[in-house]
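Colleague: Give me the fold of what follows.
(4 chains)
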Number of protein chains: 2
Amino acid sequence: MVSRNGCVRLFFGGDRPGERSLPRGRRTARPSGDDRELAILATAERLLTEKPLSAISVDDLARGAGISRPTFYFYFASKDAVLLTLLDRVVAEADAATLDASLLPAAGPREGWRRTITTYYETFRAHRALTLAWAEARSSSAEIRELWARVSGDWARRCAVAIEAERARGAAPPGPPALDLAILLTSMNERALYATFSGDGPAVDEAGVVEVLLEVWLRTIYGVSPAD
Amino acid sequence: MVSRNGCVRLFFGGDRPGERSLPRGRRTARPSGDDRELAILATAERLLTEKPLSAISVDDLARGAGISRPTFYFYFASKDAVLLTLLDRVVAEADAATLDASLLPAAGPREGWRRTITTYYETFRAHRALTLAWAEARSSSAEIRELWARVSGDWARRCAVAIEAERARGAAPPGPPALDLAILLTSMNERALYATFSGDGPAVDEAGVVEVLLEVWLRTIYGVSPAD
DNA sequence: GACGCTATCGACGGACTGTCGAACGAGTCA
DNA sequence: TGACTCGTTCGACAGTCCGTCGATAGCGTC
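Modeller: Numbering: from 1, shown residues only, chains lettered A, B, ... in the order given. A predicted model of the protein is given here:
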(Lines give C-alpha, C1' and ligand atoms only; values in the text may rest on other atoms or scores of the structure.)
Protein backbone atom coordinates (compact mmCIF):
# COMPACT_ATOMS: atom_id res chain seq x y z
CA MET A 1 0.00 0.00 0.00
CA VAL A 2 2.00 2.93 -1.30
CA SER A 3 0.81 6.51 -1.33
CA ARG A 4 0.36 8.02 -4.75
CA ASN A 5 2.20 11.21 -3.91
CA GLY A 6 4.99 12.44 -6.08
CA CYS A 7 3.20 11.14 -9.13
CA VAL A 8 0.55 13.64 -8.35
CA ARG A 9 3.01 16.47 -8.50
CA LEU A 10 4.49 15.33 -11.76
CA PHE A 11 1.03 14.97 -13.21
CA PHE A 12 0.15 18.51 -12.37
CA GLY A 13 3.54 19.83 -13.35
CA GLY A 14 2.87 18.98 -16.97
CA ASP A 15 -0.83 19.67 -16.92
CA ARG A 16 -2.77 22.65 -18.21
CA PRO A 17 -6.22 23.34 -16.74
CA GLY A 18 -9.03 21.89 -18.81
CA GLU A 19 -6.93 19.38 -20.72
CA ARG A 20 -7.98 16.23 -18.75
CA SER A 21 -7.78 12.95 -20.65
CA LEU A 22 -10.90 11.47 -22.16
CA PRO A 23 -13.25 9.20 -20.14
CA ARG A 24 -16.14 11.59 -20.68
CA GLY A 25 -18.82 9.06 -21.74
CA ARG A 26 -18.14 5.68 -20.14
CA ARG A 27 -17.91 5.49 -16.38
CA THR A 28 -16.70 2.85 -13.99
CA ALA A 29 -18.93 2.13 -11.00
CA ARG A 30 -16.48 3.69 -8.55
CA PRO A 31 -15.03 7.07 -9.36
CA SER A 32 -11.43 6.64 -10.44
CA GLY A 33 -8.44 7.60 -8.35
CA ASP A 34 -7.77 10.66 -10.46
CA ASP A 35 -11.29 11.90 -9.84
CA ARG A 36 -10.73 11.51 -6.12
CA GLU A 37 -7.51 13.42 -6.32
CA LEU A 38 -9.11 16.26 -8.20
CA ALA A 39 -12.01 16.27 -5.76
CA ILE A 40 -9.61 16.68 -2.86
CA LEU A 41 -7.79 19.52 -4.60
CA ALA A 42 -11.03 21.26 -5.50
CA THR A 43 -12.31 20.87 -1.95
CA ALA A 44 -9.12 22.37 -0.59
CA GLU A 45 -9.28 25.38 -2.86
CA ARG A 46 -12.95 25.90 -2.05
CA LEU A 47 -12.50 25.62 1.71
CA LEU A 48 -9.54 27.98 1.62
CA THR A 49 -11.79 30.73 0.32
CA GLU A 50 -13.97 30.20 3.39
CA LYS A 51 -11.49 29.77 6.23
CA PRO A 52 -7.76 29.79 6.90
CA LEU A 53 -5.60 26.74 6.38
CA SER A 54 -5.25 26.11 10.10
CA ALA A 55 -9.03 25.78 10.44
CA ILE A 56 -9.21 23.07 7.79
CA SER A 57 -8.68 19.50 8.95
CA VAL A 58 -7.81 16.43 6.95
CA ASP A 59 -11.29 15.23 7.82
CA ASP A 60 -12.81 18.32 6.18
CA LEU A 61 -10.89 17.63 3.00
CA ALA A 62 -11.84 13.95 2.99
CA ARG A 63 -15.52 14.56 3.62
CA GLY A 64 -15.59 17.31 1.04
CA ALA A 65 -14.22 14.85 -1.49
CA GLY A 66 -16.68 12.15 -0.42
CA ILE A 67 -14.18 9.78 1.15
CA SER A 68 -13.12 8.76 4.65
CA ARG A 69 -10.11 10.17 6.42
CA PRO A 70 -7.86 7.10 6.03
CA THR A 71 -8.64 7.10 2.32
CA PHE A 72 -7.39 10.66 2.10
CA TYR A 73 -3.98 9.35 3.12
CA PHE A 74 -4.02 7.02 0.18
CA TYR A 75 -3.90 10.07 -2.09
CA PHE A 76 -1.88 12.59 -0.14
CA ALA A 77 0.64 12.27 2.64
CA SER A 78 -0.77 15.25 4.53
CA LYS A 79 -2.74 18.47 4.30
CA ASP A 80 0.47 20.25 3.36
CA ALA A 81 1.01 17.90 0.42
CA VAL A 82 -2.35 18.99 -0.99
CA LEU A 83 -1.35 22.62 -0.70
CA LEU A 84 1.98 21.87 -2.31
CA THR A 85 0.25 20.32 -5.31
CA LEU A 86 -2.02 23.30 -5.63
CA LEU A 87 0.92 25.66 -5.42
CA ASP A 88 2.85 23.80 -8.10
CA ARG A 89 -0.01 24.61 -10.43
CA VAL A 90 0.00 28.30 -9.56
CA VAL A 91 3.77 28.45 -9.92
CA ALA A 92 3.55 26.91 -13.37
CA GLU A 93 0.89 29.43 -14.26
CA ALA A 94 3.01 32.29 -12.95
CA ASP A 95 6.05 31.10 -14.89
CA ALA A 96 4.01 30.93 -18.08
CA ALA A 97 2.57 34.41 -17.50
CA THR A 98 6.02 35.85 -16.81
CA LEU A 99 7.35 34.28 -19.98
CA ASP A 100 4.50 35.71 -22.02
CA ALA A 101 5.01 39.14 -20.51
CA SER A 102 8.72 39.13 -21.17
CA LEU A 103 8.19 38.40 -24.88
CA LEU A 104 6.11 41.50 -25.57
CA PRO A 105 8.19 44.53 -26.58
CA ALA A 106 7.90 47.40 -24.12
CA ALA A 107 7.54 51.08 -25.02
CA GLY A 108 10.09 52.03 -22.36
CA PRO A 109 11.40 51.09 -18.94
CA ARG A 110 8.34 52.30 -17.06
CA GLU A 111 6.07 50.25 -19.29
CA GLY A 112 8.31 47.19 -19.06
CA TRP A 113 8.56 47.19 -15.31
CA ARG A 114 4.89 47.94 -14.93
CA ARG A 115 4.09 44.85 -16.92
CA THR A 116 6.46 42.76 -14.83
CA ILE A 117 4.92 43.90 -11.57
CA THR A 118 1.38 43.65 -12.89
CA THR A 119 1.93 40.08 -14.05
CA TYR A 120 3.15 39.05 -10.62
CA TYR A 121 0.29 40.90 -8.98
CA GLU A 122 -2.45 39.50 -11.19
CA THR A 123 -1.23 35.93 -10.90
CA PHE A 124 -1.41 35.93 -7.14
CA ARG A 125 -4.56 37.99 -7.02
CA ALA A 126 -6.24 35.35 -9.13
CA HIS A 127 -5.43 32.83 -6.38
CA ARG A 128 -5.79 35.04 -3.39
CA ALA A 129 -6.89 32.29 -1.00
CA LEU A 130 -4.04 30.07 -2.06
CA THR A 131 -1.57 32.89 -1.67
CA LEU A 132 -2.66 33.51 1.91
CA ALA A 133 -2.56 29.79 2.70
CA TRP A 134 0.89 29.64 1.23
CA ALA A 135 2.16 32.30 3.58
CA GLU A 136 0.51 30.51 6.46
CA ALA A 137 1.98 27.14 5.61
CA ARG A 138 5.48 28.46 5.16
CA SER A 139 5.99 28.28 8.92
CA SER A 140 4.85 24.70 9.26
CA SER A 141 6.12 22.88 6.20
CA ALA A 142 9.72 22.65 5.09
CA GLU A 143 8.69 21.54 1.61
CA ILE A 144 6.52 24.59 1.13
CA ARG A 145 9.28 26.79 2.47
CA GLU A 146 11.62 25.33 -0.11
CA LEU A 147 9.18 25.75 -2.96
CA TRP A 148 8.74 29.35 -1.94
CA ALA A 149 12.48 29.93 -1.68
CA ARG A 150 12.98 28.53 -5.16
CA VAL A 151 10.21 30.60 -6.71
CA SER A 152 11.11 33.89 -5.10
CA GLY A 153 14.81 33.25 -5.69
CA ASP A 154 14.20 32.74 -9.42
CA TRP A 155 12.08 35.83 -9.50
CA ALA A 156 14.74 37.95 -7.78
CA ARG A 157 17.48 36.60 -10.04
CA ARG A 158 15.50 37.45 -13.14
CA CYS A 159 14.98 40.99 -11.91
CA ALA A 160 18.66 41.32 -11.07
CA VAL A 161 19.58 40.39 -14.62
CA ALA A 162 17.22 43.06 -15.93
CA ILE A 163 18.67 45.68 -13.60
CA GLU A 164 22.17 44.82 -14.70
CA ALA A 165 21.12 45.13 -18.32
CA GLU A 166 19.75 48.59 -17.66
CA ARG A 167 23.00 49.58 -16.00
CA ALA A 168 25.02 48.11 -18.84
CA ARG A 169 23.18 50.12 -21.47
CA GLY A 170 23.61 53.28 -19.43
CA ALA A 171 19.93 53.72 -18.62
CA ALA A 172 20.40 53.08 -14.90
CA PRO A 173 23.13 54.52 -12.69
CA PRO A 174 25.46 52.25 -10.72
CA GLY A 175 24.53 51.38 -7.17
CA PRO A 176 24.39 48.47 -4.73
CA PRO A 177 24.69 44.94 -6.15
CA ALA A 178 21.77 44.36 -8.50
CA LEU A 179 20.85 41.11 -6.82
CA ASP A 180 20.59 42.78 -3.42
CA LEU A 181 18.31 45.44 -4.83
CA ALA A 182 16.24 42.82 -6.61
CA ILE A 183 15.87 40.79 -3.43
CA LEU A 184 14.67 43.81 -1.50
CA LEU A 185 12.27 44.94 -4.19
CA THR A 186 10.73 41.51 -4.62
CA SER A 187 10.51 41.14 -0.85
CA MET A 188 8.63 44.40 -0.76
CA ASN A 189 6.22 43.21 -3.42
CA GLU A 190 5.64 39.95 -1.63
CA ARG A 191 4.94 41.52 1.71
CA ALA A 192 2.92 44.39 0.30
CA LEU A 193 0.71 42.12 -1.75
CA TYR A 194 0.14 39.85 1.19
CA ALA A 195 -0.90 42.84 3.29
CA THR A 196 -3.18 44.11 0.56
CA PHE A 197 -4.83 40.73 0.04
CA SER A 198 -5.20 39.80 3.68
CA GLY A 199 -6.19 43.27 4.85
CA ASP A 200 -4.50 43.04 8.21
CA GLY A 201 -1.85 45.54 9.06
CA PRO A 202 -1.17 48.70 7.11
CA ALA A 203 -1.68 48.19 3.39
CA VAL A 204 -1.91 50.18 0.20
CA ASP A 205 -5.36 49.68 -1.26
CA GLU A 206 -5.83 47.22 -4.05
CA ALA A 207 -6.53 49.78 -6.76
CA GLY A 208 -3.36 51.77 -6.25
CA VAL A 209 -0.80 49.30 -5.03
CA VAL A 210 0.77 48.46 -8.38
CA GLU A 211 1.39 52.10 -9.31
CA VAL A 212 3.06 52.89 -6.01
CA LEU A 213 5.16 49.73 -6.14
CA LEU A 214 6.19 50.69 -9.64
CA GLU A 215 7.26 54.12 -8.48
CA VAL A 216 9.47 52.62 -5.76
CA TRP A 217 11.03 50.23 -8.28
CA LEU A 218 11.74 52.97 -10.80
CA ARG A 219 13.22 55.37 -8.29
CA THR A 220 15.35 52.61 -6.82
CA ILE A 221 16.63 51.34 -10.15
CA TYR A 222 16.97 54.59 -12.10
CA GLY A 223 17.37 57.19 -9.38
CA VAL A 224 20.32 58.28 -7.29
CA SER A 225 20.40 59.11 -3.62
CA PRO A 226 21.62 62.45 -2.26
CA ALA A 227 24.97 62.80 -0.54
CA ASP A 228 24.72 64.19 2.95
CA MET B 1 -10.63 30.95 39.84
CA VAL B 2 -9.74 33.73 37.43
CA SER B 3 -6.74 33.73 35.14
CA ARG B 4 -4.18 36.36 35.85
CA ASN B 5 -3.87 37.48 32.27
CA GLY B 6 -4.28 41.10 31.37
CA CYS B 7 -2.69 42.02 34.64
CA VAL B 8 0.34 40.28 33.37
CA ARG B 9 0.48 42.48 30.31
CA LEU B 10 0.07 45.66 32.30
CA PHE B 11 2.77 44.53 34.67
CA PHE B 12 5.24 44.02 31.91
CA GLY B 13 4.17 47.15 30.09
CA GLY B 14 5.58 49.30 32.87
CA ASP B 15 8.51 47.09 33.76
CA ARG B 16 12.17 47.42 32.88
CA PRO B 17 14.31 44.26 32.94
CA GLY B 18 16.27 43.84 36.15
CA GLU B 19 14.11 46.09 38.28
CA ARG B 20 12.13 43.34 40.11
CA SER B 21 10.71 44.27 43.49
CA LEU B 22 12.56 43.25 46.60
CA PRO B 23 12.12 39.82 48.24
CA ARG B 24 15.74 38.97 47.69
CA GLY B 25 16.56 37.60 51.15
CA ARG B 26 13.42 36.11 52.66
CA ARG B 27 11.63 33.37 50.80
CA THR B 28 8.22 31.85 51.10
CA ALA B 29 8.11 28.07 50.96
CA ARG B 30 6.47 28.11 47.56
CA PRO B 31 7.86 30.33 44.84
CA SER B 32 5.52 33.27 44.34
CA GLY B 33 3.19 33.66 41.41
CA ASP B 34 5.36 36.32 39.86
CA ASP B 35 8.32 33.96 39.92
CA ARG B 36 6.25 31.37 38.11
CA GLU B 37 5.20 33.86 35.52
CA LEU B 38 8.75 34.92 34.89
CA ALA B 39 9.83 31.29 34.75
CA ILE B 40 7.26 30.61 32.06
CA LEU B 41 8.35 33.64 30.05
CA ALA B 42 12.01 32.74 30.39
CA THR B 43 11.30 29.16 29.38
CA ALA B 44 9.43 30.35 26.31
CA GLU B 45 12.22 32.64 25.20
CA ARG B 46 14.80 29.92 25.78
CA LEU B 47 12.87 27.23 23.93
CA LEU B 48 12.25 29.58 21.02
CA THR B 49 15.97 29.80 20.43
CA GLU B 50 15.99 26.02 20.10
CA LYS B 51 12.90 25.25 18.05
CA PRO B 52 10.02 26.97 16.28
CA LEU B 53 6.89 28.03 18.08
CA SER B 54 4.82 25.25 16.54
CA ALA B 55 7.15 22.65 18.05
CA ILE B 56 6.69 24.01 21.57
CA SER B 57 3.72 22.68 23.53
CA VAL B 58 2.04 24.11 26.59
CA ASP B 59 3.42 21.10 28.41
CA ASP B 60 6.97 22.08 27.43
CA LEU B 61 6.45 25.55 28.85
CA ALA B 62 4.90 24.21 32.04
CA ARG B 63 7.59 21.62 32.67
CA GLY B 64 10.29 24.14 31.86
CA ALA B 65 8.85 26.41 34.53
CA GLY B 66 8.54 23.54 37.01
CA ILE B 67 4.75 23.36 37.10
CA SER B 68 2.05 21.10 35.71
CA ARG B 69 0.11 21.82 32.57
CA PRO B 70 -3.14 22.84 34.26
CA THR B 71 -1.19 25.24 36.45
CA PHE B 72 0.16 26.89 33.35
CA TYR B 73 -3.39 27.91 32.54
CA PHE B 74 -3.60 29.68 35.85
CA TYR B 75 -0.98 32.11 34.58
CA PHE B 76 -1.65 32.36 30.87
CA ALA B 77 -4.69 31.65 28.74
CA SER B 78 -2.66 29.96 26.02
CA LYS B 79 0.73 29.61 24.41
CA ASP B 80 -0.08 32.66 22.29
CA ALA B 81 -0.73 34.74 25.39
CA VAL B 82 2.82 34.04 26.55
CA LEU B 83 4.17 35.18 23.24
CA LEU B 84 2.01 38.28 23.36
CA THR B 85 3.44 39.22 26.73
CA LEU B 86 6.95 38.71 25.47
CA LEU B 87 6.20 40.83 22.42
CA ASP B 88 4.77 43.66 24.48
CA ARG B 89 8.14 43.92 26.13
CA VAL B 90 10.01 44.04 22.84
CA VAL B 91 7.59 46.61 21.48
CA ALA B 92 8.14 48.82 24.53
CA GLU B 93 11.86 48.43 24.03
CA ALA B 94 11.57 49.32 20.35
CA ASP B 95 9.47 52.38 21.12
CA ALA B 96 12.01 53.58 23.64
CA ALA B 97 14.88 53.01 21.22
CA THR B 98 13.04 54.85 18.45
CA LEU B 99 12.39 57.76 20.76
CA ASP B 100 16.03 57.93 21.78
CA ALA B 101 17.14 57.80 18.17
CA SER B 102 14.76 60.56 17.11
CA LEU B 103 16.11 62.92 19.76
CA LEU B 104 19.68 62.89 18.51
CA PRO B 105 20.40 65.56 15.91
CA ALA B 106 21.36 64.11 12.52
CA ALA B 107 24.16 65.37 10.27
CA GLY B 108 21.93 65.04 7.22
CA PRO B 109 19.13 62.96 5.69
CA ARG B 110 21.29 59.93 4.97
CA GLU B 111 22.52 59.87 8.54
CA GLY B 112 19.03 60.38 9.94
CA TRP B 113 17.41 57.62 7.95
CA ARG B 114 20.30 55.30 8.58
CA ARG B 115 19.78 55.70 12.27
CA THR B 116 16.07 55.06 11.92
CA ILE B 117 16.59 51.86 9.98
CA THR B 118 19.45 50.71 12.18
CA THR B 119 17.37 51.17 15.31
CA TYR B 120 14.60 49.03 13.89
CA TYR B 121 17.09 46.44 12.71
CA GLU B 122 19.02 46.21 15.96
CA THR B 123 15.93 45.96 18.11
CA PHE B 124 14.62 42.94 16.27
CA ARG B 125 18.02 41.40 15.81
CA ALA B 126 18.43 41.46 19.58
CA HIS B 127 15.32 39.26 19.80
CA ARG B 128 15.74 37.21 16.71
CA ALA B 129 13.96 34.13 18.03
CA LEU B 130 11.03 36.19 19.19
CA THR B 131 10.82 37.97 15.87
CA LEU B 132 10.58 34.69 14.00
CA ALA B 133 7.98 33.35 16.42
CA TRP B 134 6.05 36.53 15.98
CA ALA B 135 5.82 36.04 12.25
CA GLU B 136 4.81 32.44 12.79
CA ALA B 137 2.08 33.27 15.28
CA ARG B 138 0.58 36.02 13.16
CA SER B 139 -1.32 33.39 11.20
CA SER B 140 -2.79 31.67 14.21
CA SER B 141 -3.60 34.40 16.69
CA ALA B 142 -5.85 37.38 16.08
CA GLU B 143 -4.46 39.20 19.09
CA ILE B 144 -0.91 38.91 17.80
CA ARG B 145 -2.06 40.00 14.39
CA GLU B 146 -3.59 43.11 15.93
CA LEU B 147 -0.52 43.91 17.97
CA TRP B 148 1.53 43.63 14.84
CA ALA B 149 -0.86 45.80 12.85
CA ARG B 150 -0.71 48.48 15.51
CA VAL B 151 3.07 48.44 15.74
CA SER B 152 3.79 48.45 12.05
CA GLY B 153 1.02 50.98 11.44
CA ASP B 154 2.57 53.40 13.95
CA TRP B 155 5.92 52.85 12.41
CA ALA B 156 4.67 53.58 8.90
CA ARG B 157 2.78 56.68 10.05
CA ARG B 158 5.86 58.06 11.73
CA CYS B 159 7.88 57.55 8.56
CA ALA B 160 5.15 59.17 6.47
CA VAL B 161 5.31 62.27 8.66
CA ALA B 162 9.07 62.44 8.16
CA ILE B 163 8.73 62.07 4.40
CA GLU B 164 6.15 64.84 4.29
CA ALA B 165 8.48 67.07 6.30
CA GLU B 166 11.27 66.46 3.80
CA ARG B 167 8.93 67.35 0.96
CA ALA B 168 7.71 70.46 2.76
CA ARG B 169 11.21 71.79 3.24
CA GLY B 170 12.03 71.14 -0.40
CA ALA B 171 14.57 68.40 0.25
CA ALA B 172 12.44 65.68 -1.32
CA PRO B 173 10.53 65.91 -4.61
CA PRO B 174 6.78 65.30 -4.74
CA GLY B 175 5.54 61.81 -5.53
CA PRO B 176 2.99 59.21 -4.45
CA PRO B 177 1.21 59.75 -1.13
CA ALA B 178 3.80 59.70 1.63
CA LEU B 179 1.87 57.15 3.65
CA ASP B 180 1.76 54.73 0.72
CA LEU B 181 5.50 55.02 0.26
CA ALA B 182 6.05 54.60 3.97
CA ILE B 183 3.89 51.48 4.06
CA LEU B 184 5.82 49.91 1.20
CA LEU B 185 9.21 50.79 2.62
CA THR B 186 8.40 49.47 6.08
CA SER B 187 6.90 46.34 4.52
CA MET B 188 10.14 45.85 2.68
CA ASN B 189 12.14 46.21 5.87
CA GLU B 190 9.92 43.77 7.70
CA ARG B 191 10.08 41.10 5.05
CA ALA B 192 13.76 41.60 4.32
CA LEU B 193 14.75 41.37 7.96
CA TYR B 194 12.67 38.27 8.43
CA ALA B 195 14.38 36.67 5.44
CA THR B 196 17.80 37.68 6.71
CA PHE B 197 17.14 36.37 10.21
CA SER B 198 15.47 33.14 9.23
CA GLY B 199 17.79 32.38 6.35
CA ASP B 200 15.18 30.73 4.18
CA GLY B 201 14.47 32.21 0.82
CA PRO B 202 16.64 34.79 -0.90
CA ALA B 203 18.09 37.26 1.57
CA VAL B 204 20.65 40.01 1.75
CA ASP B 205 23.35 38.99 4.18
CA GLU B 206 23.27 40.32 7.68
CA ALA B 207 26.33 42.54 7.35
CA GLY B 208 25.09 44.48 4.36
CA VAL B 209 21.34 44.56 4.66
CA VAL B 210 21.01 47.90 6.42
CA GLU B 211 23.10 49.75 3.84
CA VAL B 212 21.14 48.38 0.91
CA LEU B 213 17.82 49.06 2.63
CA LEU B 214 19.01 52.59 3.27
CA GLU B 215 19.86 53.06 -0.39
CA VAL B 216 16.37 51.97 -1.44
CA TRP B 217 14.80 54.33 1.10
CA LEU B 218 16.91 57.29 -0.01
CA ARG B 219 16.34 56.74 -3.70
CA THR B 220 12.63 56.31 -3.13
CA ILE B 221 12.24 59.38 -0.93
CA TYR B 222 14.69 61.78 -2.59
CA GLY B 223 14.92 60.47 -6.13
CA VAL B 224 12.71 60.83 -9.15
CA SER B 225 11.74 58.22 -11.70
CA PRO B 226 12.36 58.62 -15.43
CA ALA B 227 9.53 59.41 -17.83
CA ASP B 228 9.21 56.84 -20.59
C1' DG C 1 -10.94 28.38 63.89
C1' DA C 2 -13.64 29.49 60.06
C1' DC C 3 -13.37 31.97 55.80
C1' DG C 4 -11.29 33.48 51.52
C1' DC C 5 -7.60 34.00 48.37
C1' DT C 6 -3.70 32.10 45.78
C1' DA C 7 -1.83 28.31 43.85
C1' DT C 8 -1.61 23.41 42.38
C1' DC C 9 -2.68 19.22 40.01
C1' DG C 10 -5.18 14.62 38.63
C1' DA C 11 -8.38 13.34 35.63
C1' DC C 12 -11.54 13.96 31.89
C1' DG C 13 -13.42 14.83 27.24
C1' DG C 14 -12.65 16.36 22.81
C1' DA C 15 -10.15 17.41 18.38
C1' DC C 16 -6.93 16.00 15.43
C1' DT C 17 -3.26 13.09 13.40
C1' DG C 18 -1.18 9.06 11.14
C1' DT C 19 -1.10 3.94 10.73
C1' DC C 20 -2.43 -1.04 10.63
C1' DG C 21 -4.99 -4.57 9.03
C1' DA C 22 -9.13 -6.36 7.15
C1' DA C 23 -11.99 -6.30 3.35
C1' DC C 24 -14.09 -5.54 -1.24
C1' DG C 25 -14.46 -5.20 -6.36
C1' DA C 26 -12.39 -5.73 -10.90
C1' DG C 27 -9.30 -7.73 -13.95
C1' DT C 28 -6.18 -11.70 -15.21
C1' DC C 29 -4.50 -16.04 -15.72
C1' DA C 30 -4.29 -20.95 -14.88
C1' DT D 1 -14.32 -21.56 -12.37
C1' DG D 2 -11.63 -20.53 -8.99
C1' DA D 3 -7.42 -18.39 -7.27
C1' DC D 4 -4.44 -14.59 -7.10
C1' DT D 5 -3.18 -9.72 -7.64
C1' DC D 6 -3.87 -4.89 -7.47
C1' DG D 7 -6.09 -0.61 -6.54
C1' DT D 8 -9.14 1.27 -3.29
C1' DT D 9 -11.71 1.79 0.99
C1' DC D 10 -12.55 2.22 5.84
C1' DG D 11 -13.08 0.83 11.00
C1' DA D 12 -10.45 0.96 14.77
C1' DC D 13 -6.42 2.08 17.34
C1' DA D 14 -2.70 4.71 19.56
C1' DG D 15 -0.79 8.93 20.22
C1' DT D 16 -0.47 14.06 20.96
C1' DC D 17 -2.22 18.16 22.28
C1' DC D 18 -5.59 21.16 24.16
C1' DG D 19 -8.66 23.44 27.62
C1' DT D 20 -11.58 22.70 31.72
C1' DC D 21 -13.59 20.93 36.14
C1' DG D 22 -13.30 19.86 40.72
C1' DA D 23 -10.70 18.67 44.70
C1' DT D 24 -7.16 20.21 47.69
C1' DA D 25 -3.57 22.54 50.25
C1' DG D 26 -1.20 26.56 52.30
C1' DC D 27 -1.47 31.31 53.95
C1' DG D 28 -3.43 35.54 55.74
C1' DT D 29 -6.87 37.63 58.49
C1' DC D 30 -10.82 38.85 60.86
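Colleague: Tell me the helices and strands packed up against the helix ranked longest in chain A.
Modeller: In chain A, assigned by DSSP state H, the helix with the most residues is helix A:142-168. On a contact count with 3 or more Cβ pairs under 8 Å, 6 or more residues apart in numbering or on different chains; DSSP states H and E, helix A:142-168 meets helix A:79-103, helix A:109-125, helix A:128-137, helix A:178-198, helix A:209-222. All C-beta atoms are positioned from the backbone trio N, CA, C, and that covers glycine.
Colleague: Reformat those helices as a markdown table; add distance to residue A:56, mean neighbour count and mean pLDDT.
Modeller: Putting the helices and strands packed on helix A:142-168 into a markdown table (distance: least, Cβ to Cβ, whole Å; neighbours: other Cβ atoms under 10 Å in any protein chain shown; pLDDT from 0 to 100) gives the following:
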| stretch | distance to residue A:56 | mean neighbour count | mean pLDDT |
| --- | --- | --- | --- |
| helix A:79-103 | 7 | 18 | 93 |
| helix A:109-125 | 20 | 19 | 94 |
| helix A:128-137 | 9 | 21 | 97 |
| helix A:178-198 | 17 | 24 | 97 |
| helix A:209-222 | 28 | 23 | 98 |
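Colleague: Columns distance to residue B:148 on top of those, output as CSV?
Modeller: Formatted as CSV, those follow (distance: least, Cβ to Cβ, whole Å):
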stretch, distance to residue B:148
helix A:79-103, 23
helix A:109-125, 21
helix A:128-137, 13
helix A:178-198, 11
helix A:209-222, 19
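Colleague: Which one, of these, ends up nearest to DNA strand C?
Modeller: Nearest of these to DNA strand C, taken as Cβ to the nearest atom of the strand: helix A:79-103 at 5.5 Å.
Colleague: Show me what that closest one is in contact with.
Modeller: A:5, A:8-9, A:12-13, A:15, A:17, A:40-41, A:44-45, A:53, A:56-58, A:61, A:76, A:115-116, A:119-120, A:122-124, A:127, A:130, A:133-134, A:137, A:140-141, A:143-144, A:147, A:151, A:158 (Cβ atoms under 8 Å, 6 or more residues apart in numbering or on different chains).
Colleague: would a markdown table of the helices and strands packed on helix A:142-168 with distance to DNA strand D be doable?
Modeller: Output for the helices and strands packed on helix A:142-168, formatted as a markdown table (distance: least, Cβ to the nearest atom of the strand, whole Å):
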| stretch | distance to DNA strand D |
| --- | --- |
| helix A:79-103 | 14 |
| helix A:109-125 | 32 |
| helix A:128-137 | 18 |
| helix A:178-198 | 23 |
| helix A:209-222 | 35 |
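Colleague: before we move on, back to that, in the longest helix of chain A, what's buried?
Modeller: For helix A:142-168, burial by neighbour count (16 or more other Cβ atoms under 10 Å in any protein chain shown) applies to A:144-145, A:147-149, A:151-152, A:155-157, A:159-160, A:162-163, A:166-167.
Colleague: Would you tell me which of the helices and strands packed on helix A:142-168 gets closest to residue B:108?
Modeller: Relative to residue B:108, the nearest member of these by Cβ to Cβ is helix A:209-222, separated by 19.1 Å.
Colleague: Run the contact check for that closest one versus chain B.
Modeller: Yes - Helix A:209-222 comes into contact with chain B (Cβ under 8 Å from any Cβ of the partner chain), by way of A:211-213, A:215-216, A:218-220, A:222.
Colleague: who does that helix touch, helix- and strand-wise?
Modeller: Against helix A:209-222 (3+ Cβ pairs under 8 Å, 6+ apart) you get helix A:109-125, helix A:142-168, helix A:178-198, helix B:178-198, helix B:209-222.
Colleague: Tabulate those (a markdown table), appending distance to DNA strand C.
Modeller: Converted to a markdown table, these look like this (distance: least, Cβ to the nearest atom of the strand, whole Å):
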| stretch | distance to DNA strand C |
| --- | --- |
| helix A:109-125 | 25 |
| helix A:142-168 | 12 |
| helix A:178-198 | 22 |
| helix B:178-198 | 23 |
| helix B:209-222 | 35 |
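Colleague: Is residue A:173 in contact with residue A:220, as I believe?
Modeller: No - Residue A:173 is beyond contact range of residue A:220, at 10.9 Å (criterion: Cβ atoms under 8 Å).
Colleague: Now do the SS call for residue A:105.
Modeller: Assigned with DSSP: H, G, I helix; E, B strand; the rest coil, residue A:105 falls in the coil class.
Colleague: Backbone torsions only: list them for it.
Modeller: phi -80, psi 140 (degrees, to the nearest 10).
Colleague: same thing with residue A:199?
Modeller: phi 80, psi 0.
Colleague: need the contact list for it.
Modeller: Residue A:199 neighbours (Cβ under 8 Å, 6+ apart): none.
Colleague: And the pLDDT at it?
Modeller: Residue A:199 is assigned a predicted lDDT (pLDDT) of 92.
Colleague: Can you give me the neighbour number for residue A:46?
Modeller: 11 (other Cβ atoms under 10 Å in any protein chain shown).
Colleague: which non-adjacent residue is nearest it?
Modeller: In space, and not counting its chain neighbours, residue A:46 is closest to residue A:64: 7.2 Å by Cβ to Cβ, 6 or more residues apart in numbering or on different chains.
Colleague: Distance check, that neighbour against residue A:90.
Modeller: 20 Å (Cβ to Cβ, to the nearest Å).
Colleague: same check, this time on residue A:156
Modeller: 18 Å.
Colleague: How about residue A:113?
Modeller: 22 Å.
Colleague: same question, residue A:160
Modeller: Taking Cβ to Cβ, one finds residue A:160 at 23 Å from residue A:90.
Colleague: Could you do residue A:109 as well?
Modeller: 28 Å.
Colleague: ditto for residue A:72
Modeller: In terms of Cβ to Cβ, residue A:72 sits 22 Å off from residue A:90.
Colleague: Over to residue A:76?
Modeller: From residue A:76 to residue A:90 the distance is 17 Å (Cβ to Cβ).
Colleague: try residue A:226
Modeller: 41 Å.
Colleague: same deal with residue A:189?
Modeller: Taking Cβ to Cβ, one finds residue A:189 at 16 Å from residue A:90.
Colleague: Likewise for residue A:151?
Modeller: 9 Å.
Colleague: ok, now residue A:219?
Modeller: 30 Å.
Colleague: mind checking the backbone torsions on the residue of chain A found nearest chain B?
Modeller: Relative to chain B, the nearest point of chain A is residue A:223 (2.7 Å; Cβ to the nearest Cβ). When read as degrees, to the nearest 10, the backbone of residue A:223 gives phi -90, psi 170.
Colleague: residues near it, how many?
Modeller: Neighbours of residue A:223 using other Cβ under 10 Å come to 21.
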